[in-house]
Structure formats: structure tokens, C-alpha cells
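need the 3D shape of this:
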Amino acid sequence: MSANQTTVKLPPFTIPASLRDERNFRLEVDGELKTYTPAFWGVLTYCIPRVHVSVTEEFMKNTLREFFDDQSLMGLTMNYVQRIEFVPLKGTDDFQKAFVYHYAMTPEDRYDTPHGVSPRWSNRFYKPTMNLVNRITSDIFASEASKNPMKVHFRHNGRKNFWMLLPNLSPLTPQQVEITERLTEMSGELIDLLYIFARTNTPLPATFDATVLEDKRVDTAWVSLSETNDCLAEKENKLKRELNCLRAYAELKDVPLFTDDEAMEMIENELDEEDAAIEQMHKDRQQMNEAYGYN
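Next comes the predicted model:
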């Protein structure tokens with residue numbers, strides 16, 4: 001676990017009475033009891049650590065909806081999956097990780113949940129103040145803590161299989177996903193520029209803020225959406241500012257930009273290929289002259 005990663009203390013499998021009385025699912029994070037942000041907004045989300053690449057998004061959405069229809073109530077809006085974010089797994093091309101987000105609870109869902117809920121999430125285990133999204137979220141966290149993760153069994157390509165549902169500790173809204181994608185792109189360009197400065201022995205400007213390179217984790221699970229958005233916006237503005245400064249500095253110092261550097265490299269390669277072709281032509285002619293006895 002990295003030094004920047006938040007330590008999360010998971011409760012035992014039996015939910016403490018103090019948590020059962022809560023309207024929203026909460027956990028102790030860094031010594032403070034915090035509310036799980038997605039559950040506060042009525043959004044069921046979780047992580048599936050291994051999904052075979054042959055599984056389509058449509059199949060996955062249907063399978064998960066059928067599971068929650070069977071486990072709770074048929075036809076609840078919150079049982080439907082809105083989006084799935086697939087993330088490659090290091091060391092394998094056959095599996096990927098999936099972050100699943102359901103549609104938010106509707107007023108109808110909230111009204112229906114006290115009636116006919118399966119024993120797994122019934123009032124027998126949870127107070128009526130906690131809605132179904134919070135009950136399921138609590139179950140996912142507690143099941144993982146007991147080393148008995150919630151499982152979704154299914155059949156795919158003629159074979160029986162299952163997915164484990166684990167807590168999503170880094171949930172993102174679609175807008176936040178767009179920001180993180182822009183952050184990744186700008187970080188890549190910034191690193192390319194720094195590489196060029198190092199290769200050309202160009203000193204960095206004194207005003208460069210090296211803290212922009214720090215990979216500070218934004219703790220999206222336990223803070224409000226507005227706080228997360230403000231934090232991501234601050235990171236984006238800071239990165240954009242430093243990137244623009246480095247671009248201007250590179251132009252001032254006549255340091256070729258990455259695209260210019262690539263173009264120069266491509267031209268050099270083409271010239272090398274031409275030289276090699278000319279040299280080979282001379283060798284071929286010399287061999288032919290020797291074969292026919294010409295001087």
C-alpha cells in the first residue's frame with residue numbers, strides 16, 4: 001500500500017448496531033467516521049476485479065440486472081446498470097477490471113424497498129431508515145471484510161462462472177472520468193517535455209513547480225462530490241499552467257517540441273535508409289563486375 005493511499009478500516013461481517021441505525025453507509029477512515037459518497041446519492045457501485053475480455057458490456061449489464069432483480073425486487077430502476085468502466089490488468093491480456101455504476105434510486109425505488117425485500121437486505125438486519133442502495137453497499141463492504149465476497153453466478157459460452165463484487169474505493173462520475181483522462185494526457189505531454197529538456201541539457205525554469213509531478217490520490221469515496229470536483233479542477237488547472245509555462249520556455253530556448261523532435265528523428269532515419277540503399281547498390285554492382293571479370 002502506498003504512503004498516499006487512504007487506510008480504510010472495514011467492519012466485521014456482522015454490521016455493528018451503531019451502523020445499522022445510520023441512514024447512509026459509513027466507515028471509519030483515518031480515525032473518522034465518514035459517509036460513502038455514492039450511497040449518499042443513492043448510487044450502487046462496486047468493483048469486479050476480474051472479467052474475461054470475451055464478456056460484452058451488454059451481457060454484463062443484463063446479468064447484473066437479473067441478479068439484483070432476483071435478490072431484491074423486480075423492475076427497480078436501481079437494479080439497472082448505467083455504465084461500466086473497464087480497466088486493463090497488468091500482466092494479462094485475457095482479463096480486465098470493471099467498475100460498475102447503477103442508475104440512481106428513484107422516488108419509486110425508495111417507496112418500494114420496504115416491501116418485499118429479500119431476507120438478505122430486509123429489516124431483520126437493517127433499520128428501515130437505511131435504503132436498499134446503502135444496505136447492498138454495506139453488504140459488499142462487510143462481505144469482503146469477512147473474506148467471503150458477494151458473488152454473481154452466471155453461465156457464459158457454455159461454462160459456469162462467477163464475478164466477485166468488491167467495494168469501489170475510487171468512484172468517479174462521468175464528468176470526473178473526463179477530467180482524469182485530460183489529466184493523464186497532459187501529464188504524458190509534460191513528461192515528454194521534461195525528457196527533451198534532459199536530453200538537450202536544458203535547465204528547467206526556476207519557476208517550475210515540481211509538485212505537479214506528485215501522484216496525489218483524490219479520495220473520491222469518502223468526500224462530497226463538490227469537494228472531489230474542486231480537487232480535480234485544482235489539479236487540472238495547476239497541470240495546465242505548468243505545461244503552458246514549459247511550452248513557452250521551450251520556444252524561448254529554441255528547444256524542439258516533441259513533435260518537432262519526432263520529425264527530425266524520422267528524417268534522420270529516412271536519410272540513413274537512403275545511404276544504406278546506395279551503399280548496397282554499389283556492393284551489388286561491384287559483385288556483378290567481379291562475376292563478369294570487369295575491373
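
and the helices in this protein?
Taking DSSP state H as the test, the helices found in the chain are 17-20, 37-40, 57-71, 107-112, 132-145, 174-199, 225-252, 258-291.

which residues does the residue nearest the centre of the chain contact?
For the chain, Val87 is the residue whose C-alpha lies nearest the centre (Cα atoms, centre = their mean; 6.2 Å). Val87 makes contact with 96-99, according to Cβ atoms under 8 Å, 6 or more residues apart in numbering. In this view, the C-beta of every residue, glycine as well, is placed from N, C-alpha and C.

quick check: it vs Cys231, distance?
Look at Val87 and Cys231: by Cβ to Cβ, to the nearest Å, they are 21 Å apart.

what is the neighbour count of Glu28?
Counted by other Cβ atoms under 10 Å, the residues lying close to Glu28 total 14.

outline the domain layout of the chain.
Dividing the chain into domains by automatic domain parsing, as the record does, gives the ranges 8-165, 174-252, 265-295.

tabulate those domains (a markdown table), appending mean pLDDT.
What follows is those, written out as a markdown table (pLDDT from 0 to 100):
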| stretch | mean pLDDT |
| --- | --- |
| domain 8-165 | 84 |
| domain 174-252 | 89 |
| domain 265-295 | 62 |
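
just name the most buried of these.
Each of those was assessed for mean neighbour count using mean count of other Cβ atoms under 10 Å. The highest is domain 8-165, with a mean of 16.

and that domain, how far out from the chain middle?
For domain 8-165, the distance between its averaged C-alpha position and the chain's averaged C-alpha position is 18 Å (Cα atoms, centre = their mean, to the nearest Å).

for stretch 174-185, same thing?
Here the centre of stretch 174-185 is set off from its chain's centre by 10 Å, with Cα atoms, centre = their mean.

export it to PDB, keeping only CA atoms.
What follows is the C-alpha trace of stretch 174-185 in PDB, where atoms were taken according to Å, rounded to 0.1, in the frame of the first residue of the first chain:
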ATOM      1  CA  PRO A 174     -18.800  10.600 -15.900                       C
ATOM      2  CA  GLN A 175     -17.600  14.200 -15.700                       C
ATOM      3  CA  GLN A 176     -14.800  13.200 -13.300                       C
ATOM      4  CA  VAL A 177     -13.700  10.500 -15.700                       C
ATOM      5  CA  GLU A 178     -13.300  13.100 -18.400                       C
ATOM      6  CA  ILE A 179     -11.200  15.200 -16.100                       C
ATOM      7  CA  THR A 180      -8.900  12.300 -15.200                       C
ATOM      8  CA  GLU A 181      -8.500  11.500 -18.900                       C
ATOM      9  CA  ARG A 182      -7.400  15.000 -19.500                       C
ATOM     10  CA  LEU A 183      -5.000  14.900 -16.600                       C
ATOM     11  CA  THR A 184      -3.500  11.700 -17.900                       C
ATOM     12  CA  GLU A 185      -3.000  13.200 -21.400                       C
END
